[in-house]
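1. A structural model of the following input is requested.
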Amino acid sequence: MKKKKILFFMFSMWEWKWTEKLFAQLSYYIDKKYDIFFVSLYDIFPYADFKWKYISLNKKNNINILWLCKNIFTLRKIILKNSIDTVIGTNDFLNIILLFSSCFLKIKKIWTIHSNPLLNFHQIIKRYIIKILYPFFHKIICVSHTQENIMKNKFWLKNTQVIYNFFDIEKEKIKFNETILETEKNIFKNNFNFLMISRLDKLKGFIPILRIFNKLNSKYQNISVTILWEWEYRETIEKYIYDKNLENNIYLLGAKKNIYPYLLQSDCFLFPSLSEAFWLVLIEALLANKVIVSSDCNIWPKEILHKNFNKTINQYPFYWDYWLLIESFTQEDLEKYKLNINSDLDNKELLLYELLEDIYLNTQKYINKYSHWRIRAEKFDIHYIVEDWNKLLW
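-> Model (predicted):
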């Protein structure tokens, strides 16, 4: 049987960027049926075990109309030269290039959306780009049913389908055998450790967490929070840590290729994000059998962490089968906290403070009830989800 040809159109092939990593991983499971191509906007060469055809558009200059036209024609040339059957786009900006480059070509165009679509809803230009152009895609792949409902109800799209993100669970378990750096072991040795894994973005809920831990550490000296990853908000976090003398209680360890050694060493995983679509780290925390405290943000956690995700929740914190759910902070909350960074905790913060204090004081109770849910993580194994992709692509 002749193989069909698939092209993934991405920003880069940086192996630590999880969208790129996700589709490279998917390619290992579908390449017997398809010839696979990756085209990236930025010239970052794929990692060592990457084995598919790779083309870079070599973005170096600022974006302008000439640059845009050049890349539209370059991508069209790549599609025609290689007789591509299906192109999968992964970003709003890239999808505009894809749509114009594939005009009058009989190819299947698929857009995968990995962010919260409501972030674009109040931006008029982006909202109408989605409403007008995206019906021309064969399918809009959403990573949750909640996300799909937003695309249908807010953006009027009818060409949607849900395919969850995934893990190769057996390969993930191998990563459990690695250890943390020797220089970092003391962080976990004598402290009760809460762990956050998220890019350092204000929408991830860092301001209220810093304020809460400042209060916790004034009462309990052996509680710490470790934060993995990087982003533009690092300087703000570092300043707060320095101003409050929290250097021995809050640790910024940067990006880590393997997060499992840190999950396994921690006592509780904390996820206070304001907005998500499908953040794999929650599944990683389930796989590591961690106690999880997650926000009830407007897209994702309930759906992935519990099969009965439509349950109405009227009171927080909410104690459910797999994890502990807290009320999500809002952007208005963040602005208020930022303007009054040294003010007393408000009611929403106090509820989270009391929950985290109780987890610290009654650790075993929470471990017994809320830390044995690896079976839920295994529902997102690639061996189940790859079949959804095969049906779509073929």
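
2. Which secondary structure element is home to Lys302?
-> helix 301-305 (DSSP states H and E).

3. With Tyr384 instead?
-> In the assignment (DSSP H and E), Tyr384 maps to helix 382-393.

4. Now that helix: buried residues?
-> Buried residues in helix 382-393, counted by 16 or more other CB atoms under 10 Å: 382, 385-386, 389, 392-393. For the C-beta atoms, the positions are set from N, CA and C on the backbone; glycine is no exception.

5. cool, and stretch 205-222?
-> Neighbour counts over stretch 205-222 (16+ other CB under 10 Å) mark 205-217 as buried.

6. Now those in a markdown table, please, with extra columns for secondary structure and pLDDT.
-> As requested, these are exported to a markdown table (DSSP: H, G, I helix; E, B strand; the rest coil; pLDDT from 0 to 100):
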| residue | secondary structure | pLDDT |
| --- | --- | --- |
| Gly205 | coil | 93 |
| Phe206 | helix | 93 |
| Ile207 | helix | 94 |
| Pro208 | helix | 96 |
| Ile209 | helix | 96 |
| Leu210 | helix | 95 |
| Arg211 | helix | 96 |
| Ile212 | helix | 97 |
| Phe213 | helix | 96 |
| Asn214 | helix | 96 |
| Lys215 | helix | 96 |
| Leu216 | helix | 96 |
| Asn217 | helix | 93 |
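
7. mind giving me TSV with these and columns for distance to Ser198?
-> TSV is the format used below for those (distance: CB to CB, whole Å):
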residue	distance to Ser198
Gly205	8
Phe206	8
Ile207	13
Pro208	14
Ile209	10
Leu210	13
Arg211	17
Ile212	16
Phe213	15
Asn214	19
Lys215	21
Leu216	19
Asn217	20
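
8. sec struct for Phe176, please.
-> Put simply, Phe176 is helix when judged by DSSP: H, G, I helix; E, B strand; the rest coil.

9. Check what pLDDT it gets.
-> Phe176 carries a pLDDT value of 94.

10. count of neighbours near the residue lying closest to it once chain neighbours are set aside?
-> Among residues not flanking Phe176 along the chain, Tyr260 sits closest, at 5.2 Å (CB to CB, 6 or more residues apart in numbering). Tyr260 has 20 neighbours, counted by other CB atoms under 10 Å.

11. Please name the residues that touch Leu252.
-> Counting by CB atoms under 8 Å, 6 or more residues apart in numbering, Leu252 touches 200, 227, 234, 237-238, 241.

12. Now with 6 Å, please.
-> Leu252 makes contact with Ile227 under the criterion CB atoms under 6 Å, 6 or more residues apart in numbering.

13. tell me the secondary structure for it?
-> strand.

14. okay, now Thr160: neighbour count?
-> Using other CB under 10 Å as the criterion, the residues surrounding Thr160 number 21.

15. quick one, helices of the stretch 251-394 of the chain?
-> In the stretch 251-394 of the chain, the segments counted as helices under DSSP state H, counting those that start in this stretch are 260-265, 281-287, 301-305, 331-339, 347-361, 363-370, 374-377, 382-393.

16. By mean pLDDT, show me the worst of these.
-> Of all the helices of the stretch 251-394 of the chain, the minimum mean pLDDT falls on helix 301-305 (a mean of 80).

17. Send me it as PDB with only the CA atoms.
-> Taking Å, rounded to 0.1, in the frame of the first residue of the first chain, the C-alpha atoms of helix 301-305 are listed here in PDB:
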ATOM      1  CA  PRO A 301      -8.100  20.000  34.900                       C
ATOM      2  CA  LYS A 302     -11.500  18.500  35.800                       C
ATOM      3  CA  GLU A 303     -11.900  16.800  32.500                       C
ATOM      4  CA  ILE A 304      -8.500  15.100  32.400                       C
ATOM      5  CA  LEU A 305      -8.300  14.300  36.100                       C
END
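
18. Just give me how far it sits from the chain centre.
-> Put simply, helix 301-305 sits 13 Å off its chain's centre (CA atoms, centre = their mean, to the nearest Å).

19. for stretch 6-14, same thing?
-> 17 Å.

20. what does that stretch rub up against?
-> Residues from elsewhere that reach stretch 6-14, judged by CB under 6 Å, 6+ apart: 20, 23, 34, 36-42, 44, 46, 84, 86-90, 94, 98.

21. Flag every buried residue along stretch 126-144.
-> Neighbour-count burial for stretch 126-144 flags 129-130, 133-134, 137, 139-144 (criterion: 16+ other CB under 10 Å).

22. let me redo that: stretch 184-204
-> 184, 187-188, 191-198, 200, 202-204.

23. just checking, which of those residues belong to strands?
-> Judged by DSSP state E, the subset of the buried residues of stretch 184-204 located in strands is 192-197.

24. can you put those residues in TSV and add distance to Lys59?
-> Formatted as TSV, those follow (distance: CB to CB, whole Å):
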residue	distance to Lys59
Phe192	46
Asn193	40
Phe194	39
Leu195	35
Met196	32
Ile197	29
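
25. With respect to Tyr251, which of these is nearest?
-> The closest of those to Tyr251 turns out to be Asn193 (CB to CB; 8.9 Å).

26. Run through the bridge partners of the closest one.
-> Here Asn193 sits in beta bridges with Ser224, going by DSSP bridges.

27. got the contact list for it?
-> Contacts for Asn193 (CB under 6 Å, 6+ apart) come out as 224, 226, 266-267.

28. Closest one to Leu66 out of these, please.
-> Nearest to Leu66, judged by CB to CB, of the contacts of Asn193 is Thr226 at 46.6 Å.

29. so the closest one, which of the three states?
-> Secondary structure, three-state DSSP: Thr226 is strand.

30. what sits against it?
-> Residues in contact with Thr226 (CB under 6 Å, 6+ apart) are 193, 195, 251.
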